[in-house]
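**Q** okay, predicted coordinates and the sequence, questions at the end:
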Amino acid sequence: MLPAITPTLDPPAPSTDPAAVPADRAAAPRHAARLTILLFGFCLWALIIVLRLGQFMIVDRDRYLEAMSREALFTGVVPAGRGRILDRDGRPLAWSERVFNVSWHLPRDRDQAEMLRDRLDREPWLTAALPRPLPEDCLGQRLQLARDLPAAQAVRLEALSDLVPGLEVTAAFRRHVVDDPVLRPLIGAVESAPDGTEVGISGLERAHDDILRGLPGSFRVMLDREGRWLPETWRKAGELRPGYDVQLPLRGSRSAEASP
Amino acid sequence: MTTAANPDGARRRRWGLSRAALAFIGVSIWGCWAIHSACRNAYSSQHFTSRQVLWVLLGTAALVLCAHLTPAWYRRRLPWLVAAVWVPLAVVLVLGIRINGMRGWFAWHGYFLQPSELAKPVFVLSLARLLERHPASPGSWRDAVPMAALVALWGLPIALQPDFGSLLIYALTAVLLFWGFGGRTRHLAFAAAAVLPAIGVVLWRYPYVWHRITAFLNPDSVARSAGWHIIQFRRTLASGGLFGRAWEEGLWSRAYLPLGHSDSVFASTAEKVGFVGMLPLLFIILALVIYGHHHACRVQDRFRAAVIIGMAGMLVTQAFVHLSVNLGLMPPTGITLPLVSYGGSSLISSMIAFGIAEAMIRDDPAPAEG
């Protein structure tokens, strides 16, 4: 039972006239009752809030999560390293080198973009080509900052990618062929598919493509509203299998001895 | 009531603050963590967090000061207080800066002041004073008309900004006090009917208000425009689940939810701490109105009772409106969660409101004035 309003410290002189009774005292129980009704109103409102909260966070959660996965998760391909072509002594005649490309999906907000650019300046070679201030037409766009970086240099960007939303480091391969005018046409050439996988298009590269190519892996990453990766959400989704080496029954020339 | 009969009052005088006030300050400190987490990576979290800490310190000082003034002081100085906050409300219409289509802030070297927030406690004081001066015939027209005029006086400059979210809080607080202290439901119905044409003008003059209402009714039909915010509220809450994600991993709110540190702070925090983690906050909000009700039914005069229930009711109403918007129970409107959302004006105003309520609750032997 909630207490009613208590009488005043200095009550006025008693009067027999009901109109002379201070309204504060006369109406006090009624106000207490109304305030209690208001209190119950707030309790009811709180109950509705708790039920609604439970609806979204517990009851309907799976339905929303499914829609969120469909719209915000990006599944990408990790290209498999292509196998080497070796001569009969095991010396490589054609081999692939893993390189890394760096791009940055800029936010649309200028202040945020400039702030993130300051963070990127920790690696000055990365932002050397970026004008200051950033041009208006760059905002919200994806810019290529560097291509064909060796792995050692790309590793240095790992910590930076946590600080700079939209910084994307993607792997690619560069195919090398032994510098021999006789063997080069025989080995043939490769070209990169859109997912980064190297595909043989001529010579031995094409003939043994199934063995050399391997199986690409996959990853899943969450995108933000502007389509930028959230680096901390990156997860491996499918295991990749590198391509197998192919050993030929022929001997490479002397010039091929310089290859790795 | 004597000190001996009120040991908590004695404790308050010795330590300066009641347990409720300490809990109130504790929630504001917790809010700093919520803001730090909501701003992680997306913007400079240090910038927002350090400023919010500064507002908490200033707000705490304001709370202590307001709690130690007497009800008589508030009665005497009320005209000056009204002038001090109403004049900026009017001046901001001319000299204020426009943010998101609303001319409601003074800006000075990167700091912003929102007069409509700081005016809230004085608005409640003026309502309480009016209720005290018109006690003879509670529920009569003589009581209702001055009340309506007072609400119009405060509401007009806010409507002209236009800040409909704040206007809603002012109106609900006035309704709560008017009805709670004897006003007739019939008068409220008349007032609502009188306001209907104004609502029509607002819908005609500001089409975005109508778009928000239609988006609220069917957010999926305008999922890429007006319904975006509502859908992201739901998804952010769903992401949190029963126990939430780790404190720093509010991924969905960071990536998709607009204003995760201010108007959407409840949803962004719920993603981190989950359903179970949000229940204590709900309990604290509800405890505030229970605390206000408990003391409003015990203090000796109508002015103090009205101020206590007015301040508690206003803060809780604002909190519940914020929660209701975040939960899709109301159309989106820019309302902050008192103490938790980022913003100095809102936080200091909440602290002042609680400090004034504490002053009314304190055992005050001085007789009420005039």
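**A** Yep, it's here. Residues are numbered from 1 along each chain as shown, chains lettered A, B, ... in the order given.
**Q** tell me where chain A has helices.
**A** A:23-26, A:28-54, A:61-72, A:110-120, A:124-127, A:151-155, A:158-163, A:183-187, A:203-207, A:209-213 (DSSP state H).
**Q** ok, residue A:226 touching residue A:139?
**A** No. Residue A:226 is beyond contact range of residue A:139, at 10.2 Å (criterion: C-beta atoms under 8 Å). For the C-beta atoms, the positions are set from N, CA and C on the backbone; glycine is no exception.
**Q** overlap in contacts of these two?
**A** A shared contact of residue A:226 and residue A:139, defined by C-beta atoms under 8 Å, 6 or more residues apart in numbering or on different chains, is any residue touching both; here these are A:107-108.
**Q** can you give me the pLDDT of the residue in the stretch 101-250 of chain A that chain B sits nearest to?
**A** Using C-beta to the nearest C-beta, the single residue of the stretch 101-250 of chain A nearest to chain B is residue A:224, 3.8 Å away. According to the model's per-residue confidence, residue A:224 sits at a pLDDT of 81.
**Q** for the one 10 residues further on, same thing?
**A** In the prediction, the pLDDT value recorded for residue A:234 is 83.
**Q** picking up where we left off before, just send the helices of chain A back as TSV, with mean pLDDT and mean neighbour count too.
**A** As requested, these are exported to TSV (pLDDT from 0 to 100; neighbours: other C-beta atoms under 10 Å in any protein chain shown):
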stretch	mean pLDDT	mean neighbour count
helix A:23-26	43	16
helix A:28-54	88	17
helix A:61-72	89	14
helix A:110-120	85	16
helix A:124-127	80	14
helix A:151-155	80	13
helix A:158-163	75	13
helix A:183-187	90	17
helix A:203-207	93	18
helix A:209-213	93	19
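**Q** residue B:167: which of these is closest?
**A** Nearest to residue B:167, of all the helices of chain A, is helix A:28-54, at 19.6 Å by C-beta to C-beta.
**Q** just give the nearest non-adjacent residue to the closest residue to chain A within the stretch 101-250 of chain B, would you?
**A** Scanning the stretch 101-250 of chain B for the residue nearest chain A gives residue B:238, at 3.5 Å (criterion: C-beta to the nearest C-beta). If the residues on either side of it in the chain are set aside, residue B:238 comes closest to residue A:64, at 3.5 Å by C-beta to C-beta, 6 or more residues apart in numbering or on different chains.
**Q** and residue A:173, how far is that from residue A:82?
**A** 6 Å (C-beta to C-beta, to the nearest Å).
**Q** could you do residue B:100 as well?
**A** Taken as C-beta to C-beta, the span from residue B:100 to residue A:82 is 54 Å.
**Q** more neighbours: which of the two?
**A** For the pair residue B:100 and residue A:82, the greater number of neighbours falls to residue A:82 (26 against 7), based on other C-beta atoms under 10 Å in any protein chain shown.
**Q** so what's the more buried one up against?
**A** Contacts for residue A:82 were tallied using C-beta under 8 Å, 6+ apart; they are A:96, A:173, A:175, A:190, A:198, A:212-214, A:242-243.
**Q** ok, now residue B:176?
**A** Each residue near residue B:176 by C-beta under 8 Å, 6+ apart is listed here: A:38, B:309-310, B:313-314, B:317.
**Q** from these, which land in helices?
**A** In helices, judged by DSSP H, the following of the contacts of residue B:176 are found: A:38, B:309-310, B:313-314, B:317.
**Q** quick check, nearest of these to residue B:267?
**A** For the ones in helices among the contacts of residue B:176, the closest approach to residue B:267 (C-beta to C-beta) belongs to residue B:317, at 19.0 Å.
**Q** so the residue of the stretch 101-250 of chain B closest to chain A touches residue A:59, yeah?
**A** No. Counting by C-beta under 8 Å, no contact exists between residue B:238 and residue A:59, whose distance comes to 9.9 Å.
**Q** ok, the two, which is more surrounded?
**A** Set side by side, residue B:238 and residue A:59 show unequal neighbour counts under other C-beta under 10 Å, the larger going to residue B:238 at 25 against 11.
**Q** which strand or helix spans the more buried one?
**A** In this assignment (DSSP states H and E), residue B:238 forms part of helix B:228-240.
**Q** one step back: which residues do residue A:173 and residue A:82 both contact?
**A** Common contacts of residue A:173 and residue A:82, defined by C-beta under 8 Å, 6+ apart, comprise A:96, A:198.
**Q** any low-confidence regions in the stretch 101-250 of chain B?
**A** B:134-139, B:246-249 (pLDDT under 70).
**Q** show me where it has its helices.
**A** B:115-118, B:120-133, B:141-160, B:164-180, B:185-205, B:207-217, B:228-240 (DSSP state H, counting those that start in this stretch).
**Q** ok, and the most crowded of the contacts of residue A:82?
**A** residue A:212 (27 neighbours).
**Q** how much space separates that one from residue A:248?
**A** Residue A:212 sits 12 Å away from residue A:248 when distances are taken as C-beta to C-beta.
**Q** again with residue B:182
**A** Shown here: residue B:182 relative to residue A:248, a distance of 101 Å by C-beta to C-beta.
**Q** look at those two and report which has more neighbours.
**A** Neighbours per residue, other C-beta under 10 Å: of residue B:182 and residue A:248, the larger number sits with residue B:182, 20 against 16.
**Q** my guess is the more buried one meets residue A:31, correct?
**A** Yes. Counting by C-beta under 8 Å, a contact exists between residue B:182 and residue A:31, whose distance comes to 6.3 Å.
**Q** switch the contacts of residue A:82 over to CSV; also include distance to residue B:268.
**A** As requested, the contacts of residue A:82 are arranged in CSV below (distance: C-beta to C-beta, whole Å):
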residue, distance to residue B:268
A:96, 45
A:173, 41
A:175, 47
A:190, 48
A:198, 44
A:212, 49
A:213, 45
A:214, 43
A:242, 43
A:243, 46
